[in-house]
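Colleague: The following comprises the amino acid sequence and a computationally predicted model.
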Amino acid sequence: MSDAELPVHDLLGGEVITAIVAAFYRRVPQDPLLGPMYPPHDLAGAEHRLRSFLIYRFGGPPDYLAERGHPRLRMRHNPFVIDQTARDRWMQLMLAAIDEVPAAAGLRDYLERFLGDIATFLINR
Ligand code: HEM
């Protein structure tokens with residue numbers, strides 16, 4: 001999907017993204033596979049990084065770039081063992097998070113494809 005087709009009107013403001021990412025990070029610490037990968041004392045920071053990346057990526061304010069520079073997501077995920085199982089678990093938690101946010105219902109299929117493609121690209125083992 002090209003950027004021109006991004007559902008920017010729904011995602012630009014960031015409120016839906018903020019709700020989804022919060023719901024995702026409520027699940028992360030409880031997950032036996034993904035939980036241990038995330039920094040236990042900086043989950044709020046991790047939540048902020050994913051939220052600001054997605055807001056930037058969907059055409060909102062580019063705070064992520066100012067704070068973190070070019071995303072370089074493959075390099076930044078290299079320390080973590082991401083096999084097909086970890087990728088699928090990440091998507092499972094993310095889709096559960098999306099389903100928790102009523103305002104995201106119409107975006108579910110789009111987000112599943114968009115995030116799923118990146119998740120597949122991040123498989124490194
Ligand atoms: C495929 C399964 C994935 C796993 C296991 C995973 C795991 C992680 C972990 C453990 C971190 C470090 C947390 C932190 O301190 O920031 C992280 C960071 C991050 N992840 Fe993922 N991730 C996955 C997929 C994705 C996807 C699909 C995206 C984007 C749509 C994404 C975007 C990010 C971003 C933006 C950061 C912060 C990078 C930075 O600025 O340092 N991740 N991820």
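Modeller: Yes, it's here.

Colleague: ok, which residues in this protein are in contact with the ligand?
Modeller: Contacts of the chain with the ligand, taken as CB under 6 Å from any ligand atom, map to 34, 37-39, 42, 46, 49-50, 53, 68, 71, 73, 76-77, 80, 82, 86-87, 90, 115, 118-119, 122. For glycine as for every other residue, the C-beta is placed from the backbone atoms N, C-alpha and C.

Colleague: Determine the number of other residues adjacent to Y56.
Modeller: 19 (other CB atoms under 10 Å).

Colleague: and it, what does it touch?
Modeller: Shown in contact with Y56 (CB atoms under 8 Å, 6 or more residues apart in numbering): P62, D63, Y64, L65.

Colleague: mind listing the helices for the protein?
Modeller: Applying DSSP state H to the chain gives helices spanning 8-11, 15-27, 43-57, 63-68, 73-77, 84-99, 108-121.
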